[in-house]
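Enquirer: Using only what follows, build the 3D model:
(one chain, ligands or ions: 1)
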Amino acid sequence: MPKLNIALLQLKTSPIKHENFTSARRLLTQALTKSPNLDLVVLPECFNSPYSIKLFRQYCEPIPSGETTHFLSNLAKEFNVNLIGGSYPEKTPEGIYNTSTVFNQQGELIAKHRKVHLFDVDIPGKITFQESKVLQPGSKSTVFDISSQRSKTPFKTTVGLGICYDLRFPELAHKMARQPHSSSLLVYPGAFNTITGPLHWELLARARAVDNQCFVALCSPARDPDAKYLAYGHSIIVDPVGRVIAEAGEGEEILTCEIELDDVNEFRKNVPLNEQRRFDVYE
Ligand SMILES: NC(=O)CCC(=O)C(=O)O
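Expert: Numbering: from 1, shown residues only. Take a look at the predicted model:
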């Protein structure tokens, strides 16, 4: 039975970029001590800086030549793990993107996702955030294959990748999880907040899992009570039936879990939604 061992590193971000690198390394070391067979490690959205519209310009870097991409590539290689490097602001000639990079066990950059849906909301008296003031939206869905030689049960599987607000859009998840990609796991580095987090974080993770009959993993930064943007925390992993199988609290934490990849095929076979869809009616 192929099993994927995943760790979500719910780290507390600092305004000092190098302190975030140190935290990522420290948490990854601890995660591997706790779970030596780790196949896939995930960092949160905006892991190398505070999540703030005012700061994206200050922290942005080119990918792959910037220091954060170098750091992540070396980390994946040194620890011999597949690594989803949360996200960080990417500097390009046409503007700044909120971008996630993915590295294999050799430290090679194997995928890159630019946040497609920008977090532009205005809930009066509660939260106003306008990513589009500074960021450009990505225009592609992202899936990639990972395999692991570390695992006791070697596997190859397809993973879909979104960033935070992307989670609210079922169409993107459908594209990644249905044929021809058929991802068995959807991963979203994400920084929901203390207003929308309690309302929708778990609900959306479970909804995307049930809709697509796959695992869903959301990795948040830890909550820093002194920060302007209060991250919700509660990194979470949901199975293809929609059950929460692991959930963190609010503080810095490592969430590990063993995912039975065959559960995806089994549930898709038992409840064959993919064969029963009526696109002739929906279109
Ligand atoms: N960083 C984000 O995209 C936040 C999304 C969020 O909080 C939401 O409610 O959606």
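Enquirer: drop to CA atoms for contacts and neighbour counts, all remaining ones
Expert: OK.
Enquirer: Run through the stretch 151-283 of the chain and note the low-pLDDT ranges.
Expert: Counting by pLDDT under 70, the stretch 151-283 of the chain contains low-confidence residues at 151.
Enquirer: now the strands for it?
Expert: Secondary structure of the stretch 151-283 of the chain by DSSP state E, counting those that start in this stretch: the strands cover 155-161, 185-189, 215-219, 236-238, 244-247, 253-260.
Enquirer: okay, the ones you listed in TSV with distance to the ligand and mean neighbour count next?
Expert: Output for the strands of the stretch 151-283 of the chain, formatted as TSV (distance: least, C-alpha to the nearest ligand atom, whole Å; neighbours: other C-alpha atoms under 10 Å):
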stretch	distance to the ligand	mean neighbour count
strand 155-161	14	20
strand 185-189	9	27
strand 215-219	11	30
strand 236-238	15	27
strand 244-247	18	17
strand 253-260	19	19
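Enquirer: ok, which stretches of the stretch 1-150 of the chain are strands?
Expert: 3-10, 40-42, 82-84, 88-92, 95-103, 109-114, 120-123, 127-130, 142-148.
Enquirer: Let me know whether the longest one sits next to the ligand.
Expert: No: interface with the ligand: strand 95-103 contributes nothing (C-alpha under 6 Å from any ligand atom), its closest point being 9.6 Å away.
Enquirer: which other residues reach that strand?
Expert: Defining contact as C-alpha atoms under 8 Å, 6 or more residues apart in numbering, one finds that strand 95-103 is touched by 45-46, 56-57, 60, 69, 72-73, 76, 82-91, 109-115, 134-138, 163.
Enquirer: and if we set it to 7 Å?
Expert: With contacts defined as C-alpha atoms under 7 Å, 6 or more residues apart in numbering, strand 95-103 is touched by 73, 76, 82-91, 109-115, 134-137.
Enquirer: Would you mind checking these for buried ones?
Expert: Among the contacts of strand 95-103, those classed as buried by neighbour count (16 or more other C-alpha atoms under 10 Å) are 73, 76, 82-91, 109-115, 135-137.
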